[in-house]
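Student: quick one, fold the following:
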Amino acid sequence: MSRPNSAASISGANDALGSAARDWEAVRAAADIQYAPLPAPAPPQTPDWLRHLGEWLEAIFGPLGRLLGLSWPVFGKVLIALAILAVAALVWQLVRALLARRASRQPAAEPEWAPDRDAALALLEDADRLAAEGQFAEATHLLLRRSVGQIAAARPDWLHPASTAREIAALPDLPARARGAVAVIAARVERSLFALRSLGPDDWQAARAAYAEFALADLPGAQGAA
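Tutor: Residues are numbered from 1 along each chain as shown. This next block holds a predicted model:
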(Lines give C-alpha, C1' and ligand atoms only; values in the text may rest on other atoms or scores of the structure.)
Protein backbone atom coordinates (compact mmCIF):
# COMPACT_ATOMS: atom_id res chain seq x y z
CA MET A 1 0.00 0.00 0.00
CA SER A 2 2.94 2.44 0.72
CA ARG A 3 4.64 2.10 -2.71
CA PRO A 4 1.89 3.76 -4.74
CA ASN A 5 1.87 6.68 -2.29
CA SER A 6 5.67 7.07 -2.55
CA ALA A 7 5.50 7.03 -6.34
CA ALA A 8 2.79 9.70 -6.30
CA SER A 9 4.85 11.86 -3.95
CA ILE A 10 7.94 11.61 -6.18
CA SER A 11 5.89 12.42 -9.27
CA GLY A 12 4.38 15.49 -7.58
CA ALA A 13 7.80 16.70 -6.49
CA ASN A 14 9.14 16.30 -10.03
CA ASP A 15 6.19 18.24 -11.40
CA ALA A 16 6.80 21.06 -8.87
CA LEU A 17 10.50 21.21 -9.76
CA GLY A 18 9.67 21.31 -13.43
CA SER A 19 7.17 24.12 -12.90
CA ALA A 20 9.70 26.12 -10.88
CA ALA A 21 12.34 25.65 -13.57
CA ARG A 22 9.92 26.81 -16.26
CA ASP A 23 9.00 29.87 -14.18
CA TRP A 24 12.67 30.69 -13.69
CA GLU A 25 13.40 30.37 -17.39
CA ALA A 26 10.45 32.66 -18.11
CA VAL A 27 11.80 35.26 -15.72
CA ARG A 28 15.27 34.96 -17.22
CA ALA A 29 13.84 35.45 -20.67
CA ALA A 30 12.10 38.74 -19.73
CA ALA A 31 13.66 41.57 -21.73
CA ASP A 32 13.07 44.26 -19.09
CA ILE A 33 15.24 42.55 -16.45
CA GLN A 34 19.05 42.92 -16.60
CA TYR A 35 21.00 39.86 -15.51
CA ALA A 36 24.25 40.29 -17.39
CA PRO A 37 26.94 42.24 -15.47
CA LEU A 38 27.33 45.86 -16.51
CA PRO A 39 30.53 46.74 -18.33
CA ALA A 40 33.16 48.52 -16.26
CA PRO A 41 33.22 52.30 -16.84
CA ALA A 42 35.96 53.49 -19.09
CA PRO A 43 38.84 55.19 -17.27
CA PRO A 44 38.76 59.02 -17.53
CA GLN A 45 40.72 60.30 -20.46
CA THR A 46 43.40 62.86 -19.68
CA PRO A 47 42.94 65.96 -21.85
CA ASP A 48 45.61 66.34 -24.47
CA TRP A 49 46.71 69.75 -23.18
CA LEU A 50 47.13 68.39 -19.66
CA ARG A 51 49.02 65.36 -20.91
CA HIS A 52 51.32 67.56 -22.99
CA LEU A 53 51.85 69.86 -20.02
CA GLY A 54 52.79 66.88 -17.83
CA GLU A 55 55.23 65.64 -20.42
CA TRP A 56 56.75 69.10 -20.73
CA LEU A 57 57.14 69.45 -16.95
CA GLU A 58 58.61 65.98 -16.70
CA ALA A 59 61.12 66.79 -19.41
CA ILE A 60 62.19 69.97 -17.59
CA PHE A 61 61.97 69.00 -13.92
CA GLY A 62 62.29 65.23 -14.14
CA PRO A 63 66.13 65.27 -14.06
CA LEU A 64 66.04 67.51 -10.99
CA GLY A 65 63.67 65.10 -9.24
CA ARG A 66 65.90 62.15 -10.06
CA LEU A 67 68.87 64.12 -8.80
CA LEU A 68 67.01 64.52 -5.50
CA GLY A 69 66.19 60.82 -5.44
CA LEU A 70 62.50 61.30 -6.22
CA SER A 71 60.50 59.68 -8.97
CA TRP A 72 58.62 61.96 -11.32
CA PRO A 73 55.14 61.19 -9.88
CA VAL A 74 56.35 62.10 -6.39
CA PHE A 75 58.36 65.11 -7.53
CA GLY A 76 55.42 66.26 -9.67
CA LYS A 77 53.16 66.31 -6.61
CA VAL A 78 55.81 68.32 -4.75
CA LEU A 79 55.86 70.86 -7.57
CA ILE A 80 52.07 71.08 -7.54
CA ALA A 81 52.09 71.73 -3.79
CA LEU A 82 54.73 74.45 -4.21
CA ALA A 83 52.70 76.03 -7.03
CA ILE A 84 49.59 76.10 -4.80
CA LEU A 85 51.58 77.77 -2.01
CA ALA A 86 52.95 80.35 -4.46
CA VAL A 87 49.46 81.17 -5.74
CA ALA A 88 48.13 81.45 -2.17
CA ALA A 89 50.98 83.81 -1.26
CA LEU A 90 50.28 85.93 -4.35
CA VAL A 91 46.57 86.12 -3.51
CA TRP A 92 47.41 87.14 0.07
CA GLN A 93 49.71 89.91 -1.16
CA LEU A 94 46.96 91.22 -3.44
CA VAL A 95 44.36 91.12 -0.67
CA ARG A 96 46.71 92.86 1.76
CA ALA A 97 47.45 95.58 -0.80
CA LEU A 98 43.72 96.13 -1.36
CA LEU A 99 43.07 96.35 2.39
CA ALA A 100 45.93 98.79 2.84
CA ARG A 101 44.63 100.93 -0.03
CA ARG A 102 41.13 100.93 1.45
CA ALA A 103 42.48 101.89 4.87
CA SER A 104 44.48 104.75 3.35
CA ARG A 105 41.33 106.11 1.73
CA GLN A 106 39.47 106.31 5.04
CA PRO A 107 39.41 109.86 6.45
CA ALA A 108 41.78 110.52 9.30
CA ALA A 109 40.25 110.81 12.74
CA GLU A 110 39.35 114.38 13.58
CA PRO A 111 41.55 115.78 16.36
CA GLU A 112 39.88 116.36 19.71
CA TRP A 113 38.34 119.79 19.85
CA ALA A 114 39.67 122.46 22.18
CA PRO A 115 39.05 126.22 22.22
CA ASP A 116 41.50 128.65 20.71
CA ARG A 117 44.39 129.22 23.12
CA ASP A 118 44.32 132.98 22.88
CA ALA A 119 40.59 133.02 23.52
CA ALA A 120 40.98 130.65 26.47
CA LEU A 121 43.76 132.78 27.99
CA ALA A 122 41.69 135.94 27.51
CA LEU A 123 38.71 134.29 29.22
CA LEU A 124 40.82 133.22 32.19
CA GLU A 125 42.29 136.71 32.44
CA ASP A 126 38.84 138.32 32.57
CA ALA A 127 37.55 135.75 35.05
CA ASP A 128 40.64 136.08 37.23
CA ARG A 129 40.04 139.83 37.42
CA LEU A 130 36.52 139.26 38.76
CA ALA A 131 37.73 136.64 41.22
CA ALA A 132 40.48 138.97 42.47
CA GLU A 133 37.70 141.41 43.37
CA GLY A 134 35.94 138.69 45.34
CA GLN A 135 33.23 138.19 42.70
CA PHE A 136 33.63 134.40 42.58
CA ALA A 137 30.07 133.69 41.39
CA GLU A 138 30.41 136.19 38.53
CA ALA A 139 33.80 134.80 37.58
CA THR A 140 32.48 131.23 37.54
CA HIS A 141 29.39 132.24 35.58
CA LEU A 142 31.62 134.02 33.05
CA LEU A 143 33.62 130.83 32.58
CA LEU A 144 30.46 128.87 31.86
CA ARG A 145 28.86 131.42 29.56
CA ARG A 146 31.95 132.04 27.43
CA SER A 147 33.05 128.38 27.31
CA VAL A 148 29.60 127.38 26.04
CA GLY A 149 29.90 130.20 23.50
CA GLN A 150 33.24 128.80 22.36
CA ILE A 151 31.67 125.37 21.85
CA ALA A 152 28.72 126.84 19.95
CA ALA A 153 31.02 128.89 17.70
CA ALA A 154 33.25 125.93 16.87
CA ARG A 155 30.58 123.23 16.63
CA PRO A 156 27.15 124.81 16.07
CA ASP A 157 25.68 121.42 15.16
CA TRP A 158 26.31 120.18 18.70
CA LEU A 159 24.06 122.74 20.42
CA HIS A 160 20.66 124.33 19.99
CA PRO A 161 19.27 127.45 21.64
CA ALA A 162 17.50 125.48 24.37
CA SER A 163 20.55 123.41 25.38
CA THR A 164 21.16 123.46 29.11
CA ALA A 165 24.56 123.21 30.76
CA ARG A 166 23.74 119.70 31.97
CA GLU A 167 22.76 118.64 28.44
CA ILE A 168 25.99 120.10 27.10
CA ALA A 169 27.98 118.22 29.74
CA ALA A 170 26.42 114.97 28.48
CA LEU A 171 26.98 115.53 24.75
CA PRO A 172 28.59 112.36 23.35
CA ASP A 173 30.40 114.31 20.58
CA LEU A 174 32.04 116.64 23.07
CA PRO A 175 35.51 115.52 24.25
CA ALA A 176 35.54 113.92 27.68
CA ARG A 177 37.67 116.69 29.19
CA ALA A 178 35.28 119.32 27.85
CA ARG A 179 32.27 117.47 29.27
CA GLY A 180 33.99 117.24 32.65
CA ALA A 181 34.89 120.94 32.67
CA VAL A 182 31.36 122.02 31.76
CA ALA A 183 29.90 119.72 34.43
CA VAL A 184 32.16 121.12 37.18
CA ILE A 185 31.56 124.75 36.24
CA ALA A 186 27.80 124.28 35.69
CA ALA A 187 27.40 122.64 39.12
CA ARG A 188 28.84 125.77 40.79
CA VAL A 189 26.73 128.15 38.72
CA GLU A 190 23.54 126.21 39.47
CA ARG A 191 24.41 126.26 43.16
CA SER A 192 24.79 130.03 43.00
CA LEU A 193 21.71 130.79 40.90
CA PHE A 194 19.17 128.27 42.13
CA ALA A 195 20.35 127.33 45.61
CA LEU A 196 21.13 130.97 46.39
CA ARG A 197 24.45 129.94 47.85
CA SER A 198 27.41 132.26 47.58
CA LEU A 199 30.46 130.85 45.90
CA GLY A 200 33.80 131.03 47.66
CA PRO A 201 37.43 130.81 46.60
CA ASP A 202 37.33 126.99 46.61
CA ASP A 203 34.41 126.96 44.18
CA TRP A 204 36.19 129.39 41.91
CA GLN A 205 39.44 127.44 42.00
CA ALA A 206 37.61 124.19 41.16
CA ALA A 207 35.82 125.82 38.20
CA ARG A 208 38.98 127.56 36.96
CA ALA A 209 41.10 124.41 37.21
CA ALA A 210 38.48 122.39 35.32
CA TYR A 211 38.41 124.90 32.46
CA ALA A 212 42.21 125.29 32.34
CA GLU A 213 42.75 121.53 32.38
CA PHE A 214 40.45 121.18 29.37
CA ALA A 215 41.40 124.25 27.36
CA LEU A 216 45.07 124.78 28.22
CA ALA A 217 46.33 121.46 29.47
CA ASP A 218 49.44 121.67 27.29
CA LEU A 219 50.44 125.16 28.48
CA PRO A 220 52.63 125.23 31.60
CA GLY A 221 51.24 127.29 34.45
CA ALA A 222 47.78 127.56 32.91
CA GLN A 223 46.16 126.02 35.99
CA GLY A 224 47.77 128.36 38.49
CA ALA A 225 45.71 130.05 41.16
CA ALA A 226 44.12 133.39 40.45
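Student: biggest helix in this protein by residues?
Tutor: Criterion DSSP state H: the longest helix present in the chain is helix 72-105.
Student: from the contact counts, what lies against it?
Tutor: With contacts defined as 3 or more C-beta pairs under 8 Å, 6 or more residues apart in numbering; DSSP states H and E, helix 72-105 has these neighbours: helix 48-67. Backbone N, C-alpha and C define where each C-beta goes, glycine included.
Student: so which bits of the helix it packs on are buried?
Tutor: For helix 48-67, the neighbour count (16 or more other C-beta atoms under 10 Å) marks 62, 65 as buried.
Student: who touches that helix?
Tutor: Around helix 48-67, the neighbours that count as contacts under C-beta atoms under 8 Å, 6 or more residues apart in numbering are 46, 71, 72, 74, 75, 76, 78, 79.
Student: the first one in helix, strand or coil?
Tutor: With DSSP: H, G, I helix; E, B strand; the rest coil as the basis, the three-state label of residue 46 is coil.
Student: ok, it to residue 55 distance?
Tutor: Noted for residue 46: a distance of 11 Å to residue 55, by C-beta to C-beta, to the nearest Å.
Student: check the fourth one too.
Tutor: Residue 74 sits 17 Å away from residue 55, taking C-beta to C-beta as the criterion.
Student: next SSE downstream of the longest helix of the chain?
Tutor: helix 117-132 (DSSP states H and E).
Student: neighbours around residue 143, how many?
Tutor: When neighbours are defined as other C-beta atoms under 10 Å, residue 143 has 30 of them.
Student: what sits against it?
Tutor: Residue 143 sits next to 123, 127, 185, 207, 208, 211 when contact means C-beta under 8 Å, 6+ apart.
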